[in-house]
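# sequence first, then the predicted structure:
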Amino acid sequence: MKKNILLGHGSGGKLSHDLINNLFVRHFDNPTLNLQTDSALLKIKGENIAFTTDSFVVDPIFFPGGNIGKLAIAGTVNDLAVAGATPLYLSSSFIIEEGFSFAELEEIVKTMAAEAKKAGIKIVTGDTKVVDKGKCDKVFINTSGIGIIDEKYKDISTGKNIKPGDKIIINGTIADHGMAIISARNELNISSDIKSDCACLNKMIKKVLDVSDNIKFMRDATRGGVATVLSELFTNSNYGINIDESAVNVNENVKGICEMLGFDPMYVANEGKVIIVAGNKDAEKIIKTLQKDEFGKNCCIIGEITESHPGKGWITTEIGGKRIIDMLSGEQLPRIC
Amino acid sequence: MKYIDEYRNKDIVRKIIDDIKMISKKEVRFMEVCGGHTMSVQKFGIPSLLPENIKLLSGPGCPVCVSSRSYIDQAIAYCRLKDVIITTYGDLIRVPGSTSSLDIEKGKGADIRIVYSVLDALKIAKENPTKKIIFLGIGFETTTPGSAVGILNASQQGLKNFFLYSSHKVMPPAMSALIDEGVKIDGYIAPGHVSTITGTGIYSDIPKKYGLACVVSGFEPVDLLKAIYLLVKQVETKNPKVEIAYKRAVKPEGNTKALALMYEVFEPRADWWRGLGILPNSGLKPKEKYRNFDAEEMFDVEVEPTKEDKGCICGEILKGLKNPKDCKLFNKACTPEDPVGPCMVSNEGACHAYYKYNRD
């Protein structure tokens, strides 16, 4: 490993994975952590508990479709929800730069309160630190959360029941968040109407779990995008993945900016998208349920689990060619969440 | 997306593939010499659609890949100077130098900023009058006019703290050198963006002197397949010439205004290309009259001796003699996270494209 930390170590891609495995997991070593699920799965006095944490350093802190506060709630709520948990309580810690505007801080906090209410969770504890000007950028937020998991959902985060023939579903267009952030940064002088998809998905996910007992796996496709989540899924597994690129929805304006900057939407971050792997027979039912939810209107089946090419993922490109799916390598966009 | 979707239409793609299969009899090898083509070919999975007798090779089309390691070493030496801000396109930042990289130097505190245009670098120069801003000018005829504009603007605005460190190169000498070296190809997929600036005159030697097919292509699947169709047709009918399959962007005479800017500021010099060595008149350096903006003239730095990695076959890959998968280091010691050769770092490098889209 290189001697200094590089921005790429925080990208959510392969460098981050290496850092996590070679440093954190190696030293913190325990069976719960070693599973590396979105939420830690704990059994406390017979109750299945999901526990997770996330820090937010997005730049800019206000962006079309949300702000750092909304992101801090949605990120943690979603990490719990995709584990099949009902999110209940969150903590929130603030690291604030000296001189930061009180009005902006209040706007962020108000957003967090509103978002928490919408998601049906409570922020029950927190912490505040202020650092010298220049020692952090405006405000960084950490949230941790806990929720309870019904016994029947406890294998969702590991995906251990995935079988060939299962369908891969996503609840809408991809790459909106990453491209909203890059457009909101003044450095590119792009003006666009792209909005971040940042949203708490727990209520939508609950509806899906209510209609199907056949949900094998869920994960929110944040940093590293859809491709990275899919890579995590098939790497070291005894099945493969086929994705149909023409089935993946990308908003026109997002597609345009991706083209211009040379980004592949499959690798761009989302903050309100969940990848669901479900048994084939329930796929249509899940799609119908998602379509009725405000965050699932543009949902679609983007591919399936295959018996062939175990441990590998293939995309059928929009023109009918073939290429592999890989994890994001290096840094695509720093500080997007 | 209007004007893009049409060029990715599955039915049109299938039709052109059928047309290619209809006329293609001989075993042929076509080389693209543009990083954008390398990426498109792999991203859309074009080789999987072509008949087996047509092989596509990637040539020296990625400016980051063909530049020497000593260029990076010298940029690193600049970034260690007091009061210097390095401005660069993102591609260069992770390219390994002999013992460090700009990325590592940034982690250690050097002021290195990624810009999307030379104009951003000029802005940084204006905003930081006490600092010296060095822009790493890299690329072929496509990006050189931009660098020329940077120097001309700096000159007009009387900026004294903006400098260009040029690794700019021109494409034709490399295309000829490859054939002179005996690389076996039947034709060139000529670069789309370069040709937008230069026009097609620069390729006239390819059919005339070498008897090879040459078609300028765009970057969408339909563009590339149409170019391949025309190349196959030229080979099968033994009628080599320069054709344009990218007429919506490329005119035979090119962009005369951009060319004029380029030659106002730059003059040719011999330059080193990975895999090809030193080629006369293949590099571009600011003219004497703009020497005050030329980092090489204005900064005196000690650069560490260049160390090339053993086992890296980027040079042969750039010549189309080897495929990335032939390299012992590929996907083992050399990955995009920890690259050994430049072809693995740059988004437009052949090794990177193979790693990302065609590793199996």
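Nice, I can see it. Here the structure is a predicted model, which is why all the values come from computation and not from measurement. Numbers count the residues shown, from 1 in each chain, chains lettered A, B, ... in the order given.

# so which bits of the stretch 101-250 of chain B are right by chain A?
B:D103, B:I104, B:K106, B:G107, B:K108, B:Y116, B:D120, B:P221 (CB under 8 Å from any CB of the partner chain). Using the backbone N, CA and C atoms, a C-beta is placed for each residue, glycine as well.

# filter these to the buried ones?
For these, a neighbour count by 16 or more other CB atoms under 10 Å in any protein chain shown gives the buried set as B:D103, B:I104, B:K106, B:G107, B:D120, B:P221.

# just the ones in helices from these, please.
Those of those mapping onto helices are B:D103, B:I104, B:K106, B:G107, B:D120, B:P221, per DSSP state H.

# how many residues are close by residue 18?
Went with chain A since none was named. Residues lying near A:D18 (other CB atoms under 10 Å in any protein chain shown) number 15.

# switch to chain B, please.
B:D18: 9 surrounding residues under other CB under 10 Å.

# can I assume it sits in a strand?
No. Going by DSSP: H, G, I helix; E, B strand; the rest coil, the assignment for B:D18 is helix, not a strand.

# check contacts around it.
Contacts for B:D18 (CB atoms under 8 Å, 6 or more residues apart in numbering or on different chains) come out as none.

# ok, now how distant is it from A:I68?
The gap separating B:D18 from A:I68 is 53 Å, by CB to CB, to the nearest Å.

# just to revisit the earlier point, quick one: which of the residues of the stretch 101-250 of chain B next to chain A is nearest A:F217?
Distances from A:F217 to those, taken as CB to CB, are shortest for B:P221 (32.5 Å).

# do I have it right that the closest one meets B:E6?
No. Using CB atoms under 8 Å, B:P221 is not in contact with B:E6, being 10.8 Å away.

# pretty sure A:A74 contacts A:C200?
Yes. Under the criterion of CB under 8 Å, A:A74 makes contact with A:C200 at 4.8 Å.

# just the helices in the stretch 51-200 of chain A please.
Using DSSP state H, counting those that start in this stretch, the helices of the stretch 51-200 of chain A run over residues A:68-81, A:102-119, A:176-184.

# the shortest one to helix A:68-81, inter-axis angle?
Read that as helix A:176-184. Counting by axes from the mean of the first three to the mean of the last three CA atoms, to 10 degrees, helix A:176-184 points 160 degrees away from the direction of helix A:68-81.

# repeat that for the longest one.
With the same axes, to 10 degrees as the basis, helix A:102-119 and helix A:68-81 are set at 30 degrees to each other.

# so what touches helix A:102-119?
Contacts for helix A:102-119 (CB under 8 Å, 6+ apart): A:61-62, A:66-70, A:72-74, A:77, A:87, A:90, A:92, A:94, A:96, A:122-123, A:138-139, A:141, A:200, A:202-203.

# let's go with 6 Å and repeat that
A:N67, A:G69, A:K70, A:I73, A:V77, A:I123, A:C200, A:N202 (CB atoms under 6 Å, 6 or more residues apart in numbering or on different chains).

# quick one: average confidence on that helix?
For helix A:102-119, the mean pLDDT works out to 98.

# may I see the buried residues of that helix?
So helix A:102-119, judged by 16+ other CB under 10 Å, has buried residues A:L105, A:I108, A:T111, A:M112, A:E115, A:A116, A:K118, A:A119.

# excluding chain neighbours, what is closest to the residue of chain A found nearest chain B?
Closest contact between chain A and chain B, by CB to the nearest CB, is at A:G321 (2.3 Å). Nearest residue to A:G321 in three dimensions, chain neighbours excluded: B:G45, at 2.3 Å (CB to CB, 6 or more residues apart in numbering or on different chains).

# for the one you found, give me the pLDDT.
Reading off the model, B:G45 has pLDDT 93.

# next up, the contacts around it.
By CB under 6 Å, 6+ apart, B:G45 lies in contact with A:T317, A:G321, A:K322, A:R323.

# need the residues you listed in TSV (columns: pLDDT).
Listed next are these as TSV, based on pLDDT from 0 to 100:
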residue	pLDDT
A:T317	93
A:G321	93
A:K322	91
A:R323	91
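
# I'd like those residues written out as CSV, with secondary structure added.
Formatted as CSV, those follow (three-state DSSP):
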residue, secondary structure
A:T317, coil
A:G321, coil
A:K322, strand
A:R323, strand
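
# hmm, back to that, ok, the residue of chain A closest to chain B to B:K10 distance?
10 Å.

# neighbour count winner among those two?
A:G321 (22 against 13).

# quick one: that one and B:S48 touch, right?
Yes. A:G321 is within contact range of B:S48, at 4.9 Å (criterion: CB atoms under 6 Å).

# which residues touch stretch B:82-100?
B:64, B:69, B:72-73, B:76, B:78-79, B:101-103, B:111-115, B:121, B:124, B:131-136, B:304, B:306-307, B:342, B:345-346.

# pull out the buried residues from it.
Quick answer for stretch B:82-100 (16+ other CB under 10 Å): B:84-98, B:100.

# count of residues packed around B:I151?
28.

# in a helix, it, correct?
Yes. Counting by three-state DSSP, B:I151 is found in a helix.

# show the pLDDT at it.
Reported pLDDT for B:I151: 97.

# next one: phi and psi at the residue in the stretch 1-150 of chain B that chain A sits nearest to?
Scanning the stretch 1-150 of chain B for the residue nearest chain A gives B:G45, at 2.3 Å (criterion: CB to the nearest CB). Backbone torsions of B:G45, given as degrees, to the nearest 10, read phi 70, psi 40.

# and for B:D271?
phi -140, psi 150.

# name the element the residue nearest to it when sequence neighbours are not counted belongs to?
Residue nearest to B:D271 in three dimensions, not counting chain neighbours: B:G283, with 2.6 Å by CB to CB, 6+ apart. Here B:G283, judged by DSSP states H and E, is contained in strand B:277-286.

# would you mark the buried spots in that strand?
Buried, per 16+ other CB under 10 Å, within strand B:277-286: B:L279, B:S282, B:G283, B:L284, B:K285, B:P286.

# can you tell me which of the residues you listed is nearest B:T198?
B:L284 (12.8 Å).

# partners of that closest one in the sheet?
B:P268 (DSSP bridges).

# that one and chain A: what is the separation?
Computed as CB to the nearest CB, to the nearest Å, the B:L284 to chain A distance reads 24 Å.

# also B:I313?
Taking CB to the nearest CB, one finds B:I313 at 20 Å from chain A.

# one step back: the strand holding B:G283 packs against which elements?
helix B:172-180, strand B:266-273 (3 or more CB pairs under 6 Å, 6 or more residues apart in numbering or on different chains; DSSP states H and E).

# state the next helix or strand along the chain beyond that strand.
helix B:295-298.

# give me the contacts around that next one.
Contacts for helix B:295-298 (CB under 6 Å, 6+ apart): B:I134, B:F163, B:Y165, B:R291.
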